[in-house]
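Visitor: Next input, structure requested:
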Amino acid sequence: MVRKPATLKDVAALANVSRATAARALNSYGYVGGETALKVQAAAEQLGYRSNRLAQALRNGQLPIVGCILGDIQNPFFARIAHDIEVIARERGHNLVIGSSEEVLQLEISLLGSLQSLSIRGFIVAPTSADDNGHLQQLVSNNVPLVLIDRVAEGVDCDSVVVDNEGGARKAVEYLITMGHRRIGLLQDDMRIFTSRERRSGYRAALSANGISLDDRMIAVSQSTVEHAVDATIRLFSQKAPPTALFTVDSLMTQGALLAFRSMGISIPHDVSLIGFDDFNLATFTDPQITVVSQPVSEIGRVAARLLFERLSGQDAPPQKIRFETKLVVRGSVSRHSAG
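Guide: Below you'll find the predicted structure:
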C-alpha cells in the first residue's frame with residue numbers, strides 16, 4: 001500500500017502545535033519561539049514532510065518567476081545577457097522564463113501577454129520598437145516591475161540599462177575617417193529598433209563633423225541575421241563605386257559581411273576595411289582580427305537583474321537610467337586608404 005505524503009496537519013499534530021504555527025516555522029515568516037520551531041522541524045523530518053512552495057506562492061500571488069523577452073536569442077549578445085540574468089535570478093531563489101521576440105512587435109506583445117497570465121512577478125525586456133510600446137506603458141501603469149535592456153522605449157518611464165550606441169558608432173566611423181576613408185558603408189537593421197537608430201545617428205554625426213555628405217548608396221538595410229547580412233553586403237559592394245570601408249551595427253552582421261567578402265574575393269583590410277559594433281568570439285580568430293566597438297556585455301544583464309530584484313523587494317525610488325560607455329578595440333581589419 002502506498003503511503004500518503006505527510007501534510008502540514010500531520011506535522012502540527014505530531015509537534016502539538018497549531019497548523020498556523022507549523023506553517024510559520026517551516027516557511028520562515030512571522031515569529032515562532034526557538035524551542036517550538038525545533039519541535040516543528042523535527043516532526044517534519046520524522047514524517048518526511050516537504051512543503052509545496054509552488055502552491056504557497058500561487059496562493060500568495062508571489063510566484064518566484066521573472067520573465068525576460070529579448071530579440072533573437074541566437075544572437076551571442078542576447079544569449080550572454082540571458083545567461084547572466086538567469087544566474088542572478090537563481091541566486092535570488094527565482095526561476096527565469098525567456099522569450100525571443102525575433103524582433104517582431106506582435107510576437108513581443110503576445111509573449112508578454114502570455115507571461116502576464118502566469119502571474120510572473122516582473123520583466124526584463126529588450127523592446128522591438130522605440131515607438132510602438134503601449135503594452136510596456138501598461139505594465140508601468142499597473143506597477144509591474146519592468147527593466148528595459150539594450151534599448152529604451154519612448155514614453156516608458158522605468159529602469160533601463162543601455163550603452164552609448166551613438167558615441168560608439170561615432171568613434172568607429174571617425175577612426176575610419178582618420179585612416180583616410182570617405183566612402184564608408186553602413187550595414188544596419190530596422191530603424192524602428194532603438195540601437196539601429198542610435199548607431200546610424202553616430203555614423204551620420206561622424207560624417208557631418210568631417211565634412212562628408214551622407215550618401216544613401218553607402219547604406220544597406222538588413223535583418224540582423226548572418227544570412228541576410230551576406231546578401232546585403234553583396235548588394236552594397238556590387239556597385240560601380242563601392243565603399244572602401246564598412247561599419248556594421250552588430251556581430252551577426254559583421255559575420256555576414258565577412259562571409260560575403262570571402263565569396264566575392266574581397267580581402268580585408270587590403271581591399272576594404274571593416275569595423276563591427278559589438279565584440280564576438282570569432283573576431284579574434286579571423287586573419288586579420290576584427291576591429292570592434294566593444295560594449296560591457298558581462299555587466300548589462302547582471303545590472304538589469306539587480307534593478308529588477310530591487311523593485312521586487314519594494315524599492316520605490318525614481319527609475320534608474322544606466323548608460324554604459326563603449327570602447328573602440330583596434331585590431332587588424334582597418335588599413336589606411338589613399339585616395340586616387
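Visitor: contacts, neighbours, all on C-alpha from now
Guide: Will do.
Visitor: Let me know how buried the spatially closest residue to residue 48 that is not a sequence neighbour is, in neighbour terms.
Guide: Once flanking residues are discounted, residue 48 sits nearest to residue 6: 6.6 Å by Cα to Cα, 6 or more residues apart in numbering. Neighbour count of residue 6, defined by other Cα atoms under 10 Å: 15.
Visitor: Can you tell me the SS state at residue 6?
Guide: In three-state terms, and counting by DSSP: H, G, I helix; E, B strand; the rest coil, residue 6 is coil.
Visitor: Give me the distance between it and residue 92.
Guide: According to Cα to Cα, to the nearest Å, residue 6 stands 28 Å off from residue 92.
Visitor: Next, give phi and psi for the residue nearest to residue 48.
Guide: Here is the backbone geometry of residue 6 (degrees, to the nearest 10): phi -60, psi 150.
Visitor: So what's the residue count around the residue nearest to residue 191 when sequence neighbours are not counted?
Guide: Once flanking residues are discounted, residue 191 sits nearest to residue 197: 5.4 Å by Cα to Cα, 6+ apart. For residue 197, the neighbour count with other Cα under 10 Å is 18.
Visitor: Just the CA trace of the strand or helix carrying residue 197, in PDB.
Guide: Using DSSP states H and E, residue 197 maps to helix 194-209. C-alpha atoms of helix 194-209 as PDB (Å, rounded to 0.1, in the frame of the first residue of the first chain):
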ATOM      1  CA  PHE A 194      16.400  51.800 -30.800                       C
ATOM      2  CA  THR A 195      20.000  50.600 -31.200                       C
ATOM      3  CA  SER A 196      19.800  50.900 -35.000                       C
ATOM      4  CA  ARG A 197      18.600  54.500 -34.800                       C
ATOM      5  CA  GLU A 198      21.400  55.400 -32.300                       C
ATOM      6  CA  ARG A 199      24.200  53.700 -34.300                       C
ATOM      7  CA  ARG A 200      23.100  55.300 -37.500                       C
ATOM      8  CA  SER A 201      22.900  58.700 -35.800                       C
ATOM      9  CA  GLY A 202      26.500  58.200 -34.700                       C
ATOM     10  CA  TYR A 203      27.500  57.300 -38.200                       C
ATOM     11  CA  ARG A 204      25.900  60.400 -39.600                       C
ATOM     12  CA  ALA A 205      27.300  62.600 -36.900                       C
ATOM     13  CA  ALA A 206      30.900  61.500 -37.700                       C
ATOM     14  CA  LEU A 207      30.400  62.100 -41.400                       C
ATOM     15  CA  SER A 208      28.900  65.500 -40.900                       C
ATOM     16  CA  ALA A 209      31.700  66.600 -38.400                       C
END
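Visitor: mind listing what's buried in that helix?
Guide: 194-207 (16 or more other Cα atoms under 10 Å).
Visitor: wait, the residue nearest to residue 48 sits on residue 45?
Guide: No - in this structure residue 6 lies outside contact range of residue 45 using Cα atoms under 8 Å: 10.2 Å.
Visitor: Would you state the helices of the stretch 51-200 of the chain in chain order?
Guide: 53-60, 76-91, 105-116, 134-141, 165-178, 194-209 (DSSP state H, counting those that start in this stretch).
Visitor: nearest to residue 311, of the buried residues of helix 194-209?
Guide: residue 194 (24.3 Å; Cα to Cα).
Visitor: The closest one contacts residue 126, doesn't it?
Guide: No - with contact defined as Cα under 8 Å, residue 194 does not count as touching residue 126 (9.6 Å).
Visitor: Identify the contacts common to those two.
Guide: 151-152 (Cα atoms under 8 Å, 6 or more residues apart in numbering).
Visitor: Distance to residue 178 and pLDDT for the buried residues of helix 194-209 - can I get that in TSV?
Guide: As requested, these are exported to TSV (distance: Cα to Cα, whole Å; pLDDT from 0 to 100):
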residue	distance to residue 178	pLDDT
194	27	92
195	25	94
196	24	93
197	24	94
198	22	96
199	19	96
200	19	97
201	19	97
202	16	98
203	14	98
204	15	98
205	15	98
206	11	98
207	11	98
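Visitor: Which strands or helices does whichever helix or strand residue 256 is part of pack on?
Guide: For residue 256, the host element (DSSP H and E) is helix 251-264. Judged by 3 or more Cα pairs under 8 Å, 6 or more residues apart in numbering; DSSP states H and E, helix 251-264 is in contact with helix 226-236, strand 273-277.
Visitor: Pull up the pairing partners for the shortest one, direction included.
Guide: Looking back up the chat, that one is strand 273-277. Applying DSSP bridges, strand 273-277 is found paired with strand 245-248 (parallel), strand 291-294 (parallel).
Visitor: Contacts for the last one, please.
Guide: Okay, so that is strand 291-294. Contact with strand 291-294 is made by 168-169, 172, 274-279, 283, 326-334, as judged by Cα under 8 Å, 6+ apart.
Visitor: got it, and the first one?
Guide: Among residues not part of strand 245-248, those counted as contacts by Cα under 8 Å, 6+ apart are 172-173, 176, 181, 183-188, 254, 272-277, 334.
Visitor: Thank you kindly, that will do.
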